[in-house]
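K.L.:
Sharing a model prediction with you, sequence too.
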Amino acid sequence: MTPPGPPGTAPAAGIARVPLAAAGALLAGAYIAVALGAVLLSRESGKMATLWYANAMAMVFFQFRPSRDWAVLTGALAVAVVTVNALTGRDFGLSLLFLLGNGFEVLLGAALLRRFCSPAASLQEVCALLKVLLLGGVVPPFFGALIAAAALSADGGDDFLAIWLIWFEGSALGTIALLPLGMLLLVRGWHSVSQDVSRPEVVLGLMLVSVVAGWAPQWVEHPYIYVSTSLVLLAVIGHMAGAASAALLVSIIVGVLTAKGAFGPVAETDAFGEALFYLPLILTLVPPVLLAASLERTRYTLRRLAESEDDFRILYNETPAMMQAVDPQGKLVSVSEAWCQRLGYRREEVIGQRPSEFMTAESRGRALGEIWPRLLREGRIDGAELQMCTRSGAPVDVRISAIRQRSLDGGLLRTLAVLTDVTEEKRLAEQMTYLAHHDALTGLPNRMRFEGAIQHACVHGHRHHDRFAVLYMDLDQFKHINDTLGHGVGDELLKAVAQRLDATLRDSDMVSRLGGDEFVMLAKNLCSREDAGAIARKLVKRVAQPVLVGDVTINVSISLGIAVFPDDGKTPAALITHADQAMYRAKRNGRNQFCFFSEVSPEGDAPAHG
Ligand SMILES: Nc1nc2c(ncn2[C@@H]2O[C@H](COP(=O)(O)OP(=O)(O)OP(=O)(O)O)[C@@H](O)[C@H]2O)c(=O)[nH]1
């Protein structure tokens, strides 16, 4: 996996931005400078391989530019190689042979790095860095050295193996020493890397590494033990920038000491011995940079962890939802700010308490007996409804969604719950239900509710041979009251009548306003038809009492029709219609009275109201 990290190319990388011609000139100039230094140093001993950074530098340089620029860069590289050879006194033919080896090595390394390596990953992953070192630092020098050795030995130079070994060694070492820093510059840019390297502890570390690398090889046995110790130190304190800079620094110091002959026994070392001579240096340089990459990864992971913990804490505390976490013992380990605010507690008062202590008694029983066990059994619950209590005792309806979190060893770690405050939602729902079943003016059950009740009474009546009655009522001359006293007074009168009707009700009965000035009553548990007549008589009498609305006394009356189940109808519709017809008959008989449906003439009276 490629870790998410900094972007692949350095934002401040000037090389990536300059015009192509300038980039070519820059590459040629840098290559000439680095290669000249190496060639001049190699003349000091003439025997040991010189660490060759020039090709590694060119490989990294190529990575800054898109592939379409590579032809021009290769041209610049060719000019640089020929120039270096010319400046160091080699003839043109030999220059071309060197060009063959170096050119192939740089292009192969650049192509392998681009195709198969991720610079960003190599700074944080040991495997990715090893791939960079292998594909950039070992494979290209291996083949570059083969081409160069073949060309040079055919040209009458030294023995093929000696040329190959010297070339491969110098180039591989130089590349391995430079590539980590090159990748770092590629990914993070010069500015960021130099900031890291110029931290006081890193500068001190680099000074220490320089002293150890300059001193140990000359004065103590097994010098690389001391060098690698100081490199490890830098990997720990200086991160990747410190370790990569130190690796390059150490290789330069050892290379210079070797070239100067200060690092023996150079003279006696034969070709095979040379390979072994530089092997410890590779083994010294590589592990610390791998360690730095691994530490970078750890640091990155820890930083991400801290950030996500921070995100979680902010989310948990700042979210408007009430949230709570409960440990395996069923005690609160954390609650969100919204939880505290809604229930009126301080966090320290509730931590360690059981959530059920903040619930109403009914909810507590349900939470402990049903919801909590279900959560533990099924791993989650969604939308369970409970009632919490604020500090002052006010009920708070919550809808709870919770999950069970397991620890790495599979045990219960905690349960996390989000509580949505639905108090207002429930209040509105109750209000809607009330309004759907009640008359807004009088508060009496409305037609819908009444029809449900009469339907139920019919079913019950059929099953148990019960007798019940429907009493249909209509105010007399109500229009006149409206017209003379106004609609407002009419409303108040309707309310007063409703109260009177309601006051005559037995527990089993129901009175309802059907609309306008029409009311209907369901009177159950009747022994005889005459029971219904008694109720009707009482109602007519009660309503006929004068009503005081404001300072106006109103004389009102009702006409009432009775239909008895099952004699006058066996269905709700029939009963209501027949009661209405009987009421109409009462109107016709002079109002302020009641009439049974059985008294309605066989031809039928026209109903009073549609
Ligand atoms: N104030 C008030 N009046 C209403 C309301 N709903 C209907 N009305 C009025 O109530 C009156 C009902 O009159 P009716 O029952 O048709 O006739 P009435 O005057 O009562 O005469 P009878 O029924 O024949 O005795 C009409 O004038 C309606 O406009 C209401 O909610 N408030």
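P.N.:
Cool, the structure landed.
K.L.:
Can you give the contact residues for stretch 284-292?
P.N.:
Applying Cβ atoms under 8 Å, 6 or more residues apart in numbering, the external contacts of stretch 284-292 come out as 126, 129-130, 133, 176-177, 180, 224, 227-228, 231-232, 234-236, 238-240, 242-244, 246-247, 250-251. For every residue, glycine as well, the C-beta is placed using N, CA and C.
K.L.:
Please apply the same query to stretch 85-92.
P.N.:
32, 36, 39, 40, 82, 94, 95, 98.
K.L.:
Just the C-alpha atoms of it, please, in CSV.
P.N.:
Extracted C-alpha coordinates of stretch 85-92, given in CSV (Å, rounded to 0.1, in the frame of the first residue of the first chain):
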residue,chain,number,x,y,z
ASN,A,85,36.3,13.8,-20.4
ALA,A,86,37.7,16.6,-22.5
LEU,A,87,38.5,18.6,-19.4
THR,A,88,40.3,15.7,-17.8
GLY,A,89,42.4,15.1,-20.9
ARG,A,90,40.7,12.0,-22.4
ASP,A,91,40.5,11.8,-26.1
PHE,A,92,37.1,12.1,-27.9
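K.L.:
got the residues of the stretch 301-450 of the chain near the ligand?
P.N.:
With Cβ under 6 Å from any ligand atom as the criterion, the stretch 301-450 of the chain meets the ligand at residues residue 441.
K.L.:
can you give me the strands for the stretch 301-450 of the chain?
P.N.:
322-326, 332-335, 380-389, 395-406, 412-421 (DSSP state E, counting those that start in this stretch).
K.L.:
Might you quantify the distance of the last one from its chain's geometric centre?
P.N.:
Spelled out, it's strand 412-421. Strand 412-421 sits 17 Å away from the centroid of its parent chain (Cα atoms, centre = their mean, to the nearest Å).
K.L.:
which strands and helices sit next to it?
P.N.:
Judged by 3 or more Cβ pairs under 8 Å, 6 or more residues apart in numbering; DSSP states H and E, strand 412-421 is in contact with strand 322-326, helix 372-378, strand 395-406.
K.L.:
TSV for these, including mean neighbour count?
P.N.:
Below are those laid out as TSV (neighbours: other Cβ atoms under 10 Å):
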stretch	mean neighbour count
strand 322-326	21
helix 372-378	14
strand 395-406	18
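K.L.:
Now mean pLDDT and distance to residue 488 too, for those, in a markdown table please.
P.N.:
A markdown table is the format used below for the helices and strands packed on strand 412-421 (pLDDT from 0 to 100; distance: least, Cβ to Cβ, whole Å):
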| stretch | mean pLDDT | distance to residue 488 |
| --- | --- | --- |
| strand 322-326 | 94 | 46 |
| helix 372-378 | 92 | 55 |
| strand 395-406 | 94 | 37 |
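K.L.:
quick one, which of the ones you listed is nearest to residue 78?
P.N.:
Smallest distance to residue 78 across the helices and strands packed on strand 412-421 (Cβ to Cβ): 63.5 Å, for strand 395-406.
K.L.:
quick one, that closest one and strand 322-326 angle?
P.N.:
50 degrees (axes from the mean of the first three to the mean of the last three Cα atoms, to 10 degrees).
K.L.:
Which parts of the stretch 351-500 of the chain are helices?
P.N.:
361-366, 372-378, 423-437, 447-464, 478-485, 487-503 (DSSP state H, counting those that start in this stretch).
K.L.:
Of those helices, which stretch is the most buried?
P.N.:
Mean neighbour count (mean count of other Cβ atoms under 10 Å) peaks for helix 487-503 among these, with a mean of 17.
K.L.:
That helix - contacts with which helices or strands?
P.N.:
Contacts defined by 3+ Cβ pairs under 8 Å, 6+ apart place helix 487-503 against strand 468-475, helix 478-485, strand 510-515, strand 518-523, helix 529-543, strand 547-549, strand 552-554.
K.L.:
Would you mind listing the outside residues contacting the second one?
P.N.:
Contacts made with helix 478-485 from outside it, assessed by Cβ under 8 Å, 6+ apart, are listed as 475, 489, 490, 493, 516, 517, 549, 552, 554, 556.
K.L.:
Need the CA coordinates for that helix. CSV is fine.
P.N.:
What follows is helix 478-485, C-alpha atoms only, in CSV (Å, rounded to 0.1, in the frame of the first residue of the first chain):
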residue,chain,number,x,y,z
PHE,A,478,-79.2,28.3,15.6
LYS,A,479,-78.9,30.3,12.4
HIS,A,480,-81.0,33.0,14.0
ILE,A,481,-78.6,33.2,17.0
ASN,A,482,-75.7,33.5,14.7
ASP,A,483,-77.4,36.2,12.6
THR,A,484,-78.6,38.3,15.6
LEU,A,485,-75.7,37.8,18.1
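K.L.:
so, in contact with the ligand or not, it?
P.N.:
Yes: against the ligand, helix 478-485 shows contacts by Cβ under 6 Å from any ligand atom at 478, 479, 480, 482.
K.L.:
I'd like these laid out as CSV, including pLDDT and distance to residue 398.
P.N.:
Listed next are the residues of helix 478-485 next to the ligand as CSV, based on pLDDT from 0 to 100; distance: Cβ to Cβ, whole Å:
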residue, pLDDT, distance to residue 398
478, 96, 48
479, 95, 51
480, 95, 54
482, 95, 48
